[in-house]
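Colleague: would you be able to build a 3D model of this:
(one chain, ligands or ions: 1)
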Amino acid sequence: MDKRPIIALDFPNREAITKFLQHFPEKESLYVKVGMELFYQEGPTIVTWLKSCGHDVFLDLKLHDIPNTVESAMRGLAKLGVAMTNVHAAGGVRMMSSALKGLEEGTVEGKRPVLIAVTQLTSTSEDEMQHDQGIDRSLENSVLHYAKMAEKSGLDGVVCSALEATAIKKQTSDDFVCLTPGIRPLGAAVGDQKRVVTPEGARALGASYIVVGRPITKADNPYQAYQEIKQEWNGEI
Ligand SMILES: O=c1ccn([C@@H]2O[C@H](COP(=O)(O)O)[C@@H](O)[C@H]2O)c(=O)[nH]1
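Modeller: All right, here's what the predicted structure looks like:
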């Protein structure tokens, strides 16, 4: 478990991030998430810049393609020195194993980034999953199925809702990473998320990491919001 909530930097460009990070003490090392919005507009240099500012980076690009393409992409991404990155479990065992191979081969110095697989997005409800994806099982069963596929592929863990973390750890191991977005402090706007849990709830359910975007990025005082969520996540309030 990392004591820092991972902040989802869902902003369009480096200028917006610079403005946002001004709310935080300059010397505080954050764990930040770079997703599609930012990466597609700023490219790999945004990662190297955030690292040079002293932050750890989770690169959330959710790769999903044929095994050969994902392996090559991961070989390139490994050179960025991110702490963690991911693929979609729906790509299958061969794709996930290839992703891991590419990441291992591309890691030039230091530690290989943690590799995790998205199970069912936290914005998906059970009804939606069954109807839209044609999956005839419970959402928890689908998430567990993907988690076991990820484990079989040699990955370090999964992206899931904290609601599923206890069952996943039971069926895999305590060390298997459960990274949980869809985190909402009590009373916060849920937005497009469906399977939401409070920071305290995520801790109680055994989540390894929490990812928090809008409750921090859209707060009047982002640093205060971050501190409160961090304290709740660490069981300090
Ligand atoms: O299942 C998933 C996978 C990824 N995400 C990402 O996490 C953040 C959540 O942001 P909020 O503003 O706190 O909702 C966002 O960047 C998503 O792309 C997810 O929510 N669910």
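
Colleague: who in this structure is up against the ligand?
Modeller: 8, 10, 35, 118, 121-122, 159, 181-182, 191, 193, 211-214 (C-beta under 6 Å from any ligand atom). The way it works is simple: take the backbone N, C-alpha and C, and place the C-beta from them, glycine included.

Colleague: any of those residues buried? List them.
Modeller: 8, 10, 35, 118, 121-122, 159, 181-182, 193, 211-214 (16 or more other C-beta atoms under 10 Å).

Colleague: any chance of those in CSV, plus pLDDT and distance to Ala73?
Modeller: Below are these laid out as CSV (pLDDT from 0 to 100; distance: C-beta to C-beta, whole Å):
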residue, pLDDT, distance to Ala73
Ala8, 99, 21
Asp10, 98, 22
Gly35, 98, 16
Val118, 99, 15
Leu121, 99, 20
Thr122, 99, 24
Val159, 99, 18
Pro181, 99, 22
Gly182, 98, 26
Gln193, 98, 27
Val211, 99, 22
Val212, 99, 27
Gly213, 99, 24
Arg214, 98, 28
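
Colleague: quickly name whichever of those is closest to Tyr223.
Modeller: Val212 (13.0 Å; C-beta to C-beta).

Colleague: nearest residue to the residue of the chain found nearest the ligand in space, please, no chain neighbours.
Modeller: Closest contact between the chain and the ligand, by C-beta to the nearest ligand atom, is at Gly213 (2.6 Å). Spatial nearest neighbour of Gly213, excluding adjacent residues (C-beta to C-beta, 6 or more residues apart in numbering): Ala8 at 3.3 Å.

Colleague: for Asn68, same thing?
Modeller: Nearest residue to Asn68, sequence neighbours excluded (C-beta to C-beta, 6+ apart): Ser98, at 7.0 Å.

Colleague: isn't that neighbour right up against Pro67?
Modeller: Yes - counting by C-beta atoms under 8 Å, Ser98 touches Pro67, with 3.8 Å between them.

Colleague: no more questions from me, cheers.
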